[in-house]
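Engineer: Mind folding the following:
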Amino acid sequence: MVPTSYYIILSAALFAIGVLGVLIRRNALVVFMSVELMLNAANLVLVAFARERLSIDGQVLVFFVITVAAAEVAVGLALLVAIFRTKHTADVDEVSTLRG
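Structural biologist: Residues are numbered from 1 along each chain as shown. Model (predicted):
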């Protein structure tokens, strides 16, 4: 059986990679993927602690987080496609000015 501390370390590493992706990368699609990586890191910790406590509460919460993440991806990609059609770029710095 794998100790819970290994899951926490893996989750911290995934979350750090996600934060670096949001802060360093300028492509909007990569930023969305980094946010999803951070959400999945949080889900990993929730499931690890739920397994340690022999409770299903953490896994139910993970289900809701995954649902919200799917909705966020759908709305974010729709916005990205709409902005890409007008600006012809996915660069976050260039898209930050939403004036015509």
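
Engineer: Tell me the pLDDT of the residue minimising distance to the centre of the chain.
Structural biologist: Residue closest to the average C-alpha location in the chain (CA atoms, centre = their mean): residue 36, at 1.8 Å. At residue 36, the model reports a pLDDT of 92.

Engineer: residue contacts, it?
Structural biologist: Contacts for residue 36 (CB atoms under 8 Å, 6 or more residues apart in numbering) come out as 18, 69, 73. Glycine gets a C-beta too; all of them are placed from N, C-alpha and C.

Engineer: Leaving out chain neighbours, which residue sits closest to the second one?
Structural biologist: The one in question is residue 69. residue 39 (4.9 Å; CB to CB, 6 or more residues apart in numbering).

Engineer: chain center to the strand or helix carrying the one you found: distance?
Structural biologist: Using DSSP states H and E, residue 39 sits in helix 28-53. When distances are taken as CA atoms, centre = their mean, to the nearest Å, helix 28-53 is centred 7 Å away from the chain's centroid.

Engineer: For that helix, list every residue counted as buried.
Structural biologist: By neighbour count with 16 or more other CB atoms under 10 Å, helix 28-53 contains the buried residues 28, 31-32, 34-48, 50-51.

Engineer: And the very next helix or strand once past that helix, what does it pack against?
Structural biologist: Under the assignment DSSP H and E, the closest C-terminal helix or strand after helix 28-53 is helix 57-87. Other elements packing on helix 57-87 under the criterion 3 or more CB pairs under 8 Å, 6 or more residues apart in numbering; DSSP states H and E are helix 28-53, helix 92-95.

Engineer: of all the ones you listed, which lies closest to residue 8?
Structural biologist: helix 28-53 (6.2 Å; CB to CB).

Engineer: quick check: angle from the closest one to helix 57-87?
Structural biologist: Counting by axes from the mean of the first three to the mean of the last three CA atoms, to 10 degrees, helix 28-53 lies at 180 degrees to helix 57-87.

Engineer: contacting residues for the closest residue to residue 46 other than its chain neighbours?
Structural biologist: Distances taken as CB to CB, 6+ apart place residue 58 nearest to residue 46, at 4.2 Å, with adjacent residues excluded. Each residue near residue 58 by CB under 8 Å, 6+ apart is listed here: 46-47, 49-51.

Engineer: Kind regards, and thank you for your time.
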